[in-house]
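A.B. asks: no sequence for this one, just the structure:
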């Protein structure tokens with residue numbers, strides 16, 4: 001069972017990374033320039049790699065939580081993903097939007113991206129556990 005936790009984490013991290021790429025990197029990419037002073041300039045490669053390392057932490061945490069809570073079937077894992085999204089990323093992103101100049105489409109894309117990322121990690125969890 002332990003190796004399946006590792007495989008679920010790795011698969012979830014890869015799928016979550018793809019969701020990040022689409023929702024935080026591709027969709028509304030031109031809208032990031034609405035408030036250029038908000039974003040750091042140059043040297044993105046290192047920050048992108050660190051962000052993807054955090055995707056492993058997210059996937060590992062979700063897989064461990066789902067396993068510990070016995071929510072490793074598809075329905076249970078997806079419900080857990082939705083609850084985690086409602087508890088963490090959604091309020092955080094909306095709160096950030098209130099205080100940081102961000103285009104509303106960027107905030108919406110990041111919020112939907114987090115939900116998709118968590119659902120994909122849930123799918124990997126259900127498939128491999």
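C.D. replies: Received the coordinates, thanks. Bear in mind the structure is a predicted one, so any value in this text is a computation, not a measurement.

A.B. asks: can we go C-alpha only for contacts and neighbour counts from here?
C.D. replies: OK.

A.B. asks: so what does the lowest-mean-pLDDT helix or strand in the chain touch, helix or strand wise?
C.D. replies: Lowest mean confidence among the helices and strands of the chain (mean pLDDT, DSSP states H and E): helix 44-68, at a mean of 93. Packing partners of helix 44-68 (3 or more CA pairs under 8 Å, 6 or more residues apart in numbering; DSSP states H and E): helix 2-20, helix 104-128.

A.B. asks: got a markdown table for those helices, with mean neighbour count and distance to residue 34 too?
C.D. replies: Shown next, in a markdown table, are those (neighbours: other CA atoms under 10 Å; distance: least, CA to CA, whole Å):
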| stretch | mean neighbour count | distance to residue 34 |
| --- | --- | --- |
| helix 2-20 | 20 | 20 |
| helix 104-128 | 22 | 10 |
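
A.B. asks: Show me the shaky parts of this protein.
C.D. replies: 1 (pLDDT under 70).

A.B. asks: Now with 80, please.
C.D. replies: 1, 40, 42-43 (pLDDT under 80).

A.B. asks: Endpoints of stretch 12-31, how far apart?
C.D. replies: For stretch 12-31, the first-to-last residue distance is 28 Å (CA to CA, to the nearest Å).
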